[in-house]
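Asks: Please find the sequence and the predicted model below.
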Amino acid sequence: MRKHNLSFVDIETTGLDVLRHEIIQIGCVIVAPNMEVVEEFELKIKPEHIQNADKTALKVNKYNEEDWAFAYTLPEAMKILSNKVKDCIMVGQNVSFDSAFLEYNFLKTKVENTFHYHKLDTISMAWEKFHGDETFEHFSLREMCKYFGIINENVHTGLSDARATFELYKKLLSL
């Protein structure tokens, strides 16, 4: 695992149901084993079934039609992601959520999922470090960033949350 790049991934969706809702944004920070950033990118994806969206989700992730006017189609975005993350270990804050949506959409678009099969979750790391500390009610990215003084300028946007997850990962490793 030590020779693989890490890919800090955050997605934004039109809701929480992988079968009903869509990915509308993917943020990614690719980091070499020495923790140097190799590349950062963000992909906006044009939703095909916006009528199925959860209105709260759209508000939280700041979706508006105008900002997504030149967004990628889902197959285009999944091909770009696949090409960029080959053999990377996916790291995320609640990685199972992002991974489930991505895996479903790789299958749906018939684009190869090139991520390495290992995944790392910063919530699991935080739980291991702080499960006995009753000052933590949640292990959300927001609460962890607040605790460690990590500034996340554009909360609930793919790239900003991916960057914050990378910073959180470094803080958790140093404990």
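Replies: Yep, that arrived. Keep in mind the model is a prediction, meaning the values are calculated, not measured.
Asks: so His49 touches Glu22, yeah?
Replies: Yes. Using Cβ atoms under 8 Å, His49 is in contact with Glu22, at 6.5 Å. (Glycine included, C-beta is placed from N, CA and C.)
Asks: Compare the two (neighbour count), which wins?
Replies: Glu22 (20 against 10; other Cβ atoms under 10 Å).
Asks: How confident was the prediction at the more buried one?
Replies: Predicted confidence (pLDDT) for Glu22: 98.
Asks: cool, Thr13 as well?
Replies: For Thr13, pLDDT reads 98.
Asks: Numbering from 690 from now on, please.
Replies: Noted, 690 is the first residue going forward, which turns the last one into Thr702.
Asks: so it makes contact with Ile713?
Replies: Yes. Counting by Cβ under 8 Å, Thr702 touches Ile713, with 6.4 Å between them.
Asks: Now do the shared contacts for these two.
Replies: Asn750 (Cβ atoms under 8 Å, 6 or more residues apart in numbering).
Asks: just to revisit the earlier point, quick check: neighbours shared by His738 and Glu711?
Replies: Here His738 and Glu711 have Thr703 as joint contacts, going by Cβ under 8 Å, 6+ apart.
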